[in-house]
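# prediction below, plus the sequence it came from.
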Amino acid sequence: MPATNTEIKNLIHCINLEEEEQVKRYALNQQHTLKSLKAEGLAIHPIIITNKNFGYADYPEINFKINFPVEANQFKDGAAIECFCLQEEPVKGLLLSFDGKYGECRLYAPDFPDWIEDNNVGIKLAPDQRTTVVMKTVLNELEKNTFLFNLFQKIHTPSAGNKESVENNTEGILYVNKQLNASQQQAVAAIVHNTDMVIVHGPPGTGKTTTLVEAIAQLVKAGEKILLSAPSNTAVDNICKGLIARQLTVLRVGNTGKVDAEIFAHTPEGKLANGKQQKEIKQLKIRAEEFRKMALKYKRKFGKEEKEQRNLLFKEVKNIRAEIKKIRAYNEEKLYAEAQVICGTPIGLYDAGLQHISFGTLVMDEAGQCIEPLAWCIFPYAKKFVLAGDHLQLPPTVLSQQAAKAGFNISILEKAISAMSNVFLLDTQYRMRENIAAFSSNYFYDGRLQTASHLSNMGKHIIFIDTAGSGFNEKMGDDGSSLQNDGELEIVKKIIESEQLDLLQTAFLSPYAAQVTAAKTLLPGNLRISTIDSFQGQEKENIIISLVRSNDDADIGFLKDYRRMNVAITRAKEKLIVIGDSATIAADVFYHSFITYVEKNAVYKSVWEFE
């Protein structure tokens, strides 16, 4: 039966559930105190303001630092935030960047609030109402577009009718990158010959970015204009660098406030930096600054007339901002026309106003991290589609359990891969020793994931350290919302010494935020310490994983999401060390399989060996 608007209504219902959960979760009130928000990793307080300036479109921007360790995996670039000071009206804004110690925010206000340099300033996550509105608008209009609604029906109706094979004949394609393996060449050929949708399934270390860069270059050579997207700014910038290296005309739009110099030169701001319109914008910013100074004569406490005067002055600032945006938009039109590839996150591309431009192909990288409604925000811009990623790694983050139960955390990639036949697996990994990759290959990829020949010596590259019987029990962390295991951290110290690990080439990972926070206090400062979720897409020579769970009930909690472990164990290039309590985890079929694999193919140690 073809998909109807029932699925669309379900997605809109899920968006509403997620919005309600965000409002409830991020609220700062008597029921949800600042202490509890900080404990859940939803607020950072206090922050120290290190710099203030007026940035893009003359919005106030702050740089800040913190002097204490926090687990910041929920504070992603582009997140909606509120900057607050207790007993003051908060200011909405956008997180431009945050690396755990230093960050930058843009504030949606005419000027910096009077309290911005007080001692009690912090930032907290806020409901992303802009994205919510866009997603619901797009879904409500989906049925009006016959082409898109047919695609929606295909994706939501797995059937033999979707099993059309795209031609992937590699003959006649002159590959610029001569190092592509056979599976990468086939994926490129499929994208070049695509007439509908192609899925590139790229397990860890298989050269997905390299493959996409080659495919995009081939499409551009054939005369196509390409739209490139990914759900995170980091992922967008990663593939942008590959395209720039191929000397394509790239335009990076959206949240570009913290991109490095290489990318900045390819943003609208970077390309227009020395143009005559910049002089005009500079003059407008000077005028805005004059109005702000006049407004600042009126301090926090003032009468009705003064308040009206201040509001009028700030209204002028707002008008000047609108004028700056208009000038930018006019000049950016030429850049849009010249660009061979326009890149950004889904919302960044949507806000860029690209509806009038005809794109041949939309390429979405890391599509396994993209909730479905976000994809439909930019699907209308193109005629053909390429989804790339790995649905067997972590899915999109969804706060509402009700929405997750209704399928909201099923990514656009996972949804499409179950319905479409044009799926091309990149089958050779170049990151890990074969001994590390083999378990994931067998468990997650049906044994189809091969290892490049230079990494194929098996060796003993995995160590499992069993803490069963040691009394290293899990406990609730100081934050009251996550678990930690101090005994496992003591073992990590001994491992670093006994294995003589180079700390700069080593990362400590755990699924639990409280364990990560504790590790930042107890372990060496130059060791990379992160949750598994935050480390997806990265790699190190050596990876140490602390599983934390150790209890009498064999309760493993969200270790049950095996995709998280797939991410964790595929980060290591040379050595993987996993610490866990077999008495707690081995009752689970996945962890039993992992321990059995280690016993046969790697190194199994008891914690008592470290006494």
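It's in.
# only C-alpha atoms from now on, for both contacts and neighbour counts.
Fine.
# how many residues are close by R528?
By the criterion of other Cα atoms under 10 Å, R528 has 18 neighbours.
# identify the bridge partners of the residue nearest to it when sequence neighbours are not counted.
Of all residues not flanking R528 in the chain, A507 sits nearest, at 4.6 Å (Cα to Cα, 6 or more residues apart in numbering). Using DSSP bridges, the bridge partners assigned to A507 are R528, I543.
# close enough to count as contact, A507 and L527?
Yes. Counting by Cα atoms under 8 Å, L527 is a contact partner of A507 at 6.1 Å.
# more neighbours: which of those two?
A507 (22 against 16).
# which residues touch that one?
527-530, 540, 542-544 (Cα atoms under 8 Å, 6 or more residues apart in numbering).
# which one of those sits closest to L11?
For these, the closest approach to L11 (Cα to Cα) belongs to S530, at 32.0 Å.
# send me the host helix or strand of the closest one as CSV with only the CA atoms.
For S530, the host element (DSSP states H and E) is strand 528-531. Only the C-alpha atoms of strand 528-531 are listed here, as CSV (Å, rounded to 0.1, in the frame of the first residue of the first chain):
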residue,chain,number,x,y,z
ARG,A,528,42.0,13.1,24.8
ILE,A,529,39.0,12.2,27.0
SER,A,530,35.5,12.1,25.4
THR,A,531,32.1,10.3,25.3
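# ok, of the contacts of A507, which come out buried?
527-530, 540, 542-544 (16 or more other Cα atoms under 10 Å).
# roughly how far is stretch 564-573 from the heart of the chain?
Mean-position distance between stretch 564-573 and its chain equals 17 Å (Cα atoms, centre = their mean, to the nearest Å).
# residues making contact with it?
With Cα under 8 Å, 6+ apart, stretch 564-573 has contacts from 204, 392-394, 431-433, 436-437, 440, 444, 509, 511, 532-533, 536-543, 545, 559, 576.
# okay, and which of these map to strands?
509, 540-543, 545, 576 (DSSP state E).
# that older thread, tell me which two in the buried ones among the contacts of A507 are the farthest apart.
S530 and N542, at 13.5 Å, using Cα to Cα across those.
# how about the most centrally placed residue in the chain, what does it touch?
Residue closest to the mean C-alpha point of the chain, counted by Cα atoms, centre = their mean, is S232 at 4.0 Å. The contact partners of S232, by Cα under 8 Å, 6+ apart, come to 77, 345.
# next one: L362
226-229, 379, 381-386.
# swap in L503?
Here L503 is in contact with 496, 526-528 (Cα under 8 Å, 6+ apart).
# just for the chain, where's the confidence low?
Along the chain, the parts satisfying pLDDT under 70 run over 1-3, 56-57, 71, 159-168, 256-258, 274-277, 296-304, 479, 611.
# pull the distance from the helix ranked longest in it to the chain's centre.
If you go by DSSP state H, the chain has its longest helix at helix 304-338. Its chain's C-alpha centre and that of helix 304-338 lie 31 Å apart, by Cα atoms, centre = their mean.
# which positions within it qualify as buried?
307, 310, 313-314, 316-318, 320-321, 324-325, 328, 332, 335-336.
# nearest to A416, of the residues you listed?
Taking Cα to Cα as the measure, A416 lies nearest Y336 of those, at 29.5 Å.
# isn't the closest one right next to I342, touching?
Yes. Using Cα under 8 Å, Y336 makes contact with I342 at a distance of 7.4 Å.
# which residues do those two both contact?
L251.
# number of nearby residues for E19?
E19: 18 neighbours (other Cα under 10 Å).
# helix/strand/coil for it?
helix (DSSP: H, G, I helix; E, B strand; the rest coil).
# and the gap between it and A329?
31 Å (Cα to Cα, to the nearest Å).
# what do you get for D365?
Taking Cα to Cα, one finds D365 at 27 Å from A329.
# next up, the contacts around I226.
216, 219-220, 340-342, 359-363.
# what's across from it in the sheet?
Bridge pairing for I226 - DSSP bridges - gives V341, T361.
# now do it against M420, distance only.
Distance from I226 to M420, by Cα to Cα: 22 Å.
# now A217
25 Å.
# quick one: stretch 532-542 to chain centroid distance?
With Cα atoms, centre = their mean, you get 13 Å for stretch 532-542.
# contacts for that stretch next, please.
By Cα under 8 Å, 6+ apart, stretch 532-542 touches 73, 394, 501, 505-507, 509-511, 564, 567-568, 571-577.
# swap in stretch 406-415?
10-11, 14, 155-156, 199, 367-372, 375, 387-391, 395-398, 403-404.
# am I right that N53 is in a helix?
No. Going by three-state DSSP, the assignment for N53 is strand, not a helix.
# helix/strand/coil for the residue nearest to it when sequence neighbours are not counted?
Counting by Cα to Cα, 6+ apart, E61 is the residue found nearest to N53 once chain neighbours are left out, at 5.4 Å. What three-state DSSP gives for E61 is strand.
# how is A109 assigned, secondary-structure-wise?
coil.
# show me the contacts for it.
If you count contacts by Cα under 8 Å, 6+ apart, A109 has them with 59-60, 91-92.
# could you rerun that using 7 Å?
Neighbouring residues of A109 by Cα atoms under 7 Å, 6 or more residues apart in numbering: 59, 91.
# change the start of the numbering to 22 and stick with it
Taking 22 as the first residue, the last one we looked at is A130.
# that one and G76, how far apart?
Distance, A130 to G76, using Cα to Cα: 12 Å.
# same question for R46.
30 Å.
# which helices and strands sit right next to the helix or strand where I616 lies?
According to DSSP H and E, I616 maps onto helix 610-622. Helices and strands touching helix 610-622, as assessed by 3 or more Cα pairs under 7 Å, 6 or more residues apart in numbering; DSSP states H and E, are absent.
# what's that helix in contact with?
With contact meaning Cα under 7 Å, 6+ apart, helix 610-622 is reached by 485, 606-607, 625.
# cool, and stretch 42-50?
By Cα under 7 Å, 6+ apart, stretch 42-50 touches 55, 63, 146-148, 420-421.
# nearest to V513, of those residues?
Relative to V513, the closest of the contacts of stretch 42-50 is L63; by Cα to Cα it sits at 27.9 Å.
# what's near enough to touch the closest one?
So L63 contacts 47, 145-146 (Cα under 7 Å, 6+ apart).
# phi, psi for it please.
In terms of degrees, to the nearest 10, the main-chain angles of L63 are phi -110, psi -10.
# ok, it to A459 distance?
37 Å.
# how many neighbouring residues does the closest residue to P417 other than its chain neighbours have?
Once flanking residues are discounted, P417 sits nearest to Q390: 4.4 Å by Cα to Cα, 6+ apart. By the criterion of other Cα under 10 Å, Q390 has 24 neighbours.
# and Q390, how far is that from I212?
21 Å.
# tell me the buried residues in the helix or strand that contains Q536?
Secondary structure assignment for Q536, by DSSP H and E: helix 534-543. Within helix 534-543, the residues scored as buried using 16+ other Cα under 10 Å are 534-541.
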